[in-house]
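*Asks:* Sequence plus the predicted model coming up.
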2 protein chains.
Amino acid sequence: MNAEIIAVGTELLLGQIANTNGQYLSKQLMGHGVNIYKHTVVGDNLPRIRQAIRLAATDNDIVILTGGLGPTEDDVTRNALAEEYGLNLVYDQQALDKVEAFFQSRNQSVSDANRRQALHTEGAHVFQNSVGLACGMAYKHTDTWFFLLPGPPHEMKTMVEKEVSPFLDAMNESRDFLLSRVLKFYGIGESALEARVHDLITQQTNPTIAPLAGQDEVTLRLTVKTADPTDASKKLDELEGAVCERCGSFLYGYNEDTLFSSALDYLRSKGWTLAVAESLSGGLLGASFTDVPGASDVYVGGAITYSNEAKEKQLHVKTATLAQHGAVSEACAEEMAEGARSEYRTDIGISLTGVAGPDTQEGHPPGTVYIGIAYPDKTYVYKRRLRGDRASIRRRAVKEACACMLEVGDER
Amino acid sequence: MNAEIIAVGTELLLGQIANTNGQYLSKQLMGHGVNIYKHTVVGDNLPRIRQAIRLAATDNDIVILTGGLGPTEDDVTRNALAEEYGLNLVYDQQALDKVEAFFQSRNQSVSDANRRQALHTEGAHVFQNSVGLACGMAYKHTDTWFFLLPGPPHEMKTMVEKEVSPFLDAMNESRDFLLSRVLKFYGIGESALEARVHDLITQQTNPTIAPLAGQDEVTLRLTVKTADPTDASKKLDELEGAVCERCGSFLYGYNEDTLFSSALDYLRSKGWTLAVAESLSGGLLGASFTDVPGASDVYVGGAITYSNEAKEKQLHVKTATLAQHGAVSEACAEEMAEGARSEYRTDIGISLTGVAGPDTQEGHPPGTVYIGIAYPDKTYVYKRRLRGDRASIRRRAVKEACACMLEVGDER
């Protein structure tokens, strides 16, 4: 089954937001064995939505539209579908009850504009919106299924999870699955990685293997098409084995893994605890670790010491060290990491000090970063020269700190 | 002038990444007076790229394609344009020299695949790539200009800034500008905001006024179309004045402002310094403040106290407080904020403690958050019940802390 995803919203064409709904829906549909051949974004404009519907219907079994189901005058996606195929719009009682209850509970009267959120084309299957007011729908016209889903990502995702996924499963009983496994690499560039697996890329047809440069990282996507899930896993295992013979030392995780979840998994496997000492990253390293659910059995906390005074008072960095070497120095990184370890009473301390920019600091250009990894018996310090703007340098610095910690762990 | 943006890349259709290039280019083109009517995403597939080119050319003065200019076999955007219009591909000497120098400096031989990155259709204007190897190009076929730009966002953005923007300026001498101003609101929902400015939305045609629900925030985009920049600013000022009469108390900033940059600006205007004490946010509040360039004159640092032991040792939260009220409590938030202030010797301390989830903690459901704002003479504590998953709760908690701090400042 082929599908196109049409996102409706002038705010997308004006660049106010990115089309993350398209990204999410692609992933979801792939899991249902649906091939996505196109994403389209059009504005809140009835004739243009109709044109997009018309074009998409000629090529696809499924057309998903997101956005334009709300209460305002520029929300016209339902109308576009209805006008294109001469359909009537009718109210869904359950959705209408929800709209009315919502406003009654706030002692407000319900406007007709708000009631419109409960409309669907006659004969459609209605998807209820458990976190918002606009209902969604599925409607089959000749050979094409149209899905209309709300635009706000939270509402759209909840509706997909609760209502659309089961519906897709039910309508699509026999099919080939597309199963993907994403291998995640850090510390090797895209072209170097691709060169190492070039023979696999050219020889393989099923599974396929596709490199993708991510943010500071590279991934390889292995995708197998098959009707048999067991066979799929086996084929992916074999290909992964071949990949790892060529560049396994850079592999840190799979699919949704991040450098931070992998680092926490590593520390957890050793039974170790962790504290951080952050200067240029200002809390981003701690935030990245605690972004991972269940971080608290490993991660204890840390000190954000943006000022020199805080470095001295909170982490016992020596006044002489700061005077002699400055805050952007190997010595300072070393004392910060040790200070985090001792103050927070953990097995490991990681420190980050350097220059995020845009200005130079102590004569060092933006991107100069020192990373300290304190073990009970020894402290390791790495110097890095990172490229990019302030946000990139900070983002890369915390990833690099994580990678250094894993590297020290491997070497000890 | 009308334009369509076509992003080429199977990784986009598979949902591995979002089409942020479309977002960026929309913003840029709007600044050049170009109206974007459509975004399209197609895979690395020659016939489908040709079809997208063909469809876009019928409706648009400008068609921008990003991606598919690299060295791998699935990079076929140039070929698609050349085949569609029967054009020859030729090498650009400057781009070719750069490719060869790149590999020579690494003592590697240059493959033909890599040389392809210097190809363009005969007669095109070539855009050099100062941060990568694939050159871009502009080519006019009958009445449509085609722009081919690299897919990696960093390369694409640099090329647009350095080469494409001046080219667009030169080709488009007389035109209307579209000038936008974005007003940013926090603490009011989209529908409530829209209701307050409904009369303006329906009455205004130039400038227009458009609400957009962002992440936890709402914005109003005021857009004026005019040939005269001075007139544009004046019209936007007038409309902003009318908006602020209706909901100015929720306005916190403009365009690229964030709650955090606004909070730092506020503290800077008072000459005050700031420290944080973070539990559930794990460093995210500090990271959000230090994401703002120049934060260091206000923001000193803070303690990430994920464990109770760290709360006691680093922030002097009393053992009795934790035993009696727990870490998720008004009393703990109060002592944390005061501890941050005294330990980091700042004017203001902000604390965050609560439950990010997914599990309950001390019997409190995810989303239970206490925010402390310590002033020299008084500490204010707010309780919030935030909705969403772990990441949303953390993100909202730090924004809410920032908003509480601004609110206290207003009230004192």
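*Replies:* Sure thing, it's come through.

*Asks:* Now the top helix by length along chain A - C-alpha only, CSV.
*Replies:* Longest helix in chain A by number of residues (criterion: DSSP state H): helix A:390-411. C-alpha atoms of helix A:390-411 as CSV (Å, rounded to 0.1, in the frame of the first residue of the first chain):
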residue,chain,number,x,y,z
ARG,A,390,27.2,28.4,20.4
ALA,A,391,24.3,25.8,20.5
SER,A,392,26.3,23.3,18.4
ILE,A,393,29.4,23.6,20.5
ARG,A,394,27.4,23.1,23.7
ARG,A,395,25.5,20.1,22.2
ARG,A,396,28.7,18.6,20.9
ALA,A,397,30.6,19.2,24.1
VAL,A,398,28.2,17.1,26.2
LYS,A,399,28.1,14.3,23.6
GLU,A,400,31.9,14.3,23.5
ALA,A,401,32.0,14.2,27.3
CYS,A,402,29.8,11.1,27.2
ALA,A,403,31.9,9.5,24.5
CYS,A,404,35.1,10.2,26.4
MET,A,405,33.6,8.5,29.5
LEU,A,406,32.7,5.4,27.5
GLU,A,407,36.2,5.4,25.9
VAL,A,408,38.0,5.6,29.3
GLY,A,409,35.7,2.7,30.4
ASP,A,410,36.7,0.6,27.5
GLU,A,411,40.4,1.3,28.0
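
*Asks:* Is there contact, residue-wise, from it to chain B?
*Replies:* Yes - with C-beta under 8 Å from any C-beta of the partner chain as the measure, helix A:390-411 is seen reaching chain B through A:390, A:391, A:394. To be clear about C-beta, it is placed using only N, CA and C from the backbone, and glycine gets the same treatment.

*Asks:* per-residue pLDDT, the first one?
*Replies:* Reported pLDDT at residue A:390 in the predicted model: 92.

*Asks:* so what's it up against?
*Replies:* With contact set as C-beta atoms under 8 Å, 6 or more residues apart in numbering or on different chains, residue A:390 has these partners: A:356, A:357, A:358, A:366, B:291, B:293.

*Asks:* go on, the last one?
*Replies:* Under the criterion of C-beta under 8 Å, 6+ apart, the contact partners of residue A:394 comprise A:280, A:281, A:282, A:284, A:356, B:287, B:290, B:291.

*Asks:* which stretches of the stretch 251-400 of chain A form helices?
*Replies:* A:259-270, A:284-290, A:308-315, A:319-325, A:330-344, A:390-411 (DSSP state H, counting those that start in this stretch).

*Asks:* Identify, from the residues of helix A:390-411 next to chain B, the entry nearest to residue A:161.
*Replies:* The shortest approach to residue A:161 among the residues of helix A:390-411 next to chain B belongs to residue A:391, at 31.3 Å (C-beta to C-beta).

*Asks:* Residue B:290 is in contact with the closest one, correct?
*Replies:* No - counting by C-beta atoms under 8 Å, residue A:391 stays clear of residue B:290, with 10.6 Å between them.

*Asks:* Which one of those two is surrounded by more residues?
*Replies:* In this view residue A:391 and residue B:290 are compared by other C-beta atoms under 10 Å in any protein chain shown, and residue B:290 has more residues nearby, 27 against 13.

*Asks:* my read: the more buried one touches residue A:279, true?
*Replies:* No - assessed by C-beta under 8 Å, residue B:290 is found out of contact with residue A:279, at 9.3 Å.

*Asks:* what do these two both touch?
*Replies:* Jointly contacting residue B:290 and residue A:279 under the rule C-beta under 8 Å, 6+ apart are residue A:306.

*Asks:* Tell me both backbone torsions, phi and psi, for the residue nearest to residue A:387 when sequence neighbours are not counted.
*Replies:* In space, and not counting its chain neighbours, residue A:387 is closest to residue A:367: 5.9 Å by C-beta to C-beta, 6 or more residues apart in numbering or on different chains. The phi/psi pair for residue A:367 (degrees, to the nearest 10) reads phi 100, psi -10.

*Asks:* Just give me the neighbour total for residue A:91.
*Replies:* 17.

*Asks:* Please name the bridge partners of it.
*Replies:* residue A:119 (DSSP bridges).

*Asks:* That one contacts residue A:117, doesn't it?
*Replies:* No - contact between residue A:91 and residue A:117 fails when scored by C-beta under 8 Å: they sit 9.9 Å apart.

*Asks:* ok, the nearest residue to residue A:255 once chain neighbours are set aside - contacts?
*Replies:* Distances taken as C-beta to C-beta, 6+ apart put residue A:182 closest to residue A:255, at 5.1 Å, once the chain neighbours are dropped. Contact analysis of residue A:182 by C-beta under 8 Å, 6+ apart lists A:219, A:220, A:221, A:222, A:254, A:255, B:16.
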